[in-house]
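> please work out how this folds:
(one chain, ligands or ions: 1)
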Amino acid sequence: MNEPLIRIENLSLEYQTQAGPVLALADINLELKEGEFVCLLGPSGCGKSTLLKIIAGYLAPTTGQCLMQGEPIKGPDWHRGVVFQSPTLYPWMNLRKNVEFGPRMRGVSEEKIREVSDHFLGQVKLTGFEDKWIFELSGGMKQRAELARALANEPAVILMDEPFGALDAMTRVDMQGLIREIWQKNKSTIFLITHDIDEALSLGTRVLVMSDRPGRILKEFQVDFTYKVFRQDARHRKYDESYFDVKDEIIDLIHYQDE
Ligand SMILES: Nc1ncnc2c1ncn2[C@@H]1O[C@H](COP(=O)(O)OP(=O)(O)OP(=O)(O)O)[C@@H](O)[C@H]1O
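Below is the predicted model of the structure:
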């Protein structure tokens, strides 16, 4: 099968605002292949979230196209799971009901729903908290719950917009370890937006760097640092010189934009 999971061709997006049109993205060409962990970096306001929203199906491109398995994406659907920085869990449902919501809406059997929610709550290490209300969970737990809710739909691709941005440094590193472990175990395809170069390099198999608005993809880096980091010592990462060479190049690329 040569068709990539997601294919974006000559895409641009222009927002219409009261002050006039805002060109957010231009000339985007991008493929996401099954099993890839693609991280997107770029200056603030360059169009990263806009690109993710197009892949999710929330926004339609102004020109060009965004295809999933060769078919144009026409709107949001459960094949593409989305995780945002602020959890969007339903406060009137307990944790288990939140995770089961998607499969239940799709008419999955109650037996299978239970199996899936047990499995993914286990993967995100929330077994034992199923009956808790959302307000009873910590920030890190909410973000893990959000992840379990996305995973419960068994989407073809998981789209994450700064998923760990609001977490403290320690919880963030733990979450990175967890998402790496889940990606490897489930053979998931992940597209993740971050401001953190170390996060992108320590998780991604490919790191894309975007230009200032209108966002274009300036350069991409095929990297394998994620394979070198194991969850057990995720807090004590040791990288060789090539890591710092790539990091410096990315800093220069992003910094150059600000000048
Ligand atoms: N709904 C909208 N209507 C009009 N303009 C918008 C809208 N959403 C975003 N924009 C503009 O489009 C540009 C890209 O925004 P976007 O949120 O995609 O950037 P970003 O790279 O994700 O930013 P950040 O890193 O700060 O989250 C910005 O100039 C923003 O002001």
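
> now do the helices in this protein.
Along the chain, the stretches classed as helices by DSSP state H are 48-56, 95-105, 110-123, 139-151, 169-186, 197-203, 225-228, 241-258.

> how about CSV for these, with distance to the ligand and mean pLDDT added?
Bear in mind the C-beta positions are built from the backbone N, C-alpha and C, glycine included. As requested, the helices of the chain are exported to CSV (distance: least, CB to the nearest ligand atom, whole Å; pLDDT from 0 to 100):
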stretch, distance to the ligand, mean pLDDT
helix 48-56, 3, 97
helix 95-105, 25, 96
helix 110-123, 27, 94
helix 139-151, 17, 92
helix 169-186, 17, 88
helix 197-203, 13, 94
helix 225-228, 22, 85
helix 241-258, 11, 87
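
> save these as JSON lines, and put in mean neighbour count and distance to residue 159 too.
Output for those, formatted as JSON lines (neighbours: other CB atoms under 10 Å; distance: least, CB to CB, whole Å):
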{"stretch": "helix 48-56", "mean neighbour count": "22", "distance to residue 159": "5"}
{"stretch": "helix 95-105", "mean neighbour count": "21", "distance to residue 159": "15"}
{"stretch": "helix 110-123", "mean neighbour count": "16", "distance to residue 159": "17"}
{"stretch": "helix 139-151", "mean neighbour count": "23", "distance to residue 159": "9"}
{"stretch": "helix 169-186", "mean neighbour count": "17", "distance to residue 159": "13"}
{"stretch": "helix 197-203", "mean neighbour count": "22", "distance to residue 159": "14"}
{"stretch": "helix 225-228", "mean neighbour count": "15", "distance to residue 159": "18"}
{"stretch": "helix 241-258", "mean neighbour count": "13", "distance to residue 159": "21"}
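
> can I get those in a markdown table with distance to residue 66?
Below are the helices of the chain laid out as a markdown table (distance: least, CB to CB, whole Å):
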| stretch | distance to residue 66 |
| --- | --- |
| helix 48-56 | 5 |
| helix 95-105 | 22 |
| helix 110-123 | 27 |
| helix 139-151 | 19 |
| helix 169-186 | 22 |
| helix 197-203 | 22 |
| helix 225-228 | 26 |
| helix 241-258 | 24 |
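
> do you know which of those lies nearest residue 215?
helix 48-56 (6.9 Å; CB to CB).

> just the CA atoms of the closest one, as CSV, please.
Listed next in CSV are the C-alpha coordinates belonging to helix 48-56 (Å, rounded to 0.1, in the frame of the first residue of the first chain):
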residue,chain,number,x,y,z
LYS,A,48,0.2,25.1,13.3
SER,A,49,-3.2,24.7,14.9
THR,A,50,-4.8,25.8,11.6
LEU,A,51,-3.1,22.9,9.9
LEU,A,52,-4.1,20.4,12.6
LYS,A,53,-7.8,21.7,12.3
ILE,A,54,-7.7,21.0,8.6
ILE,A,55,-6.4,17.5,9.1
ALA,A,56,-9.1,17.0,11.8
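
> quick one: which of the helices of the chain is nearest residue 38?
If you check each of the helices of the chain against residue 38 by CB to CB, helix 197-203 wins as the nearest, at 9.4 Å.
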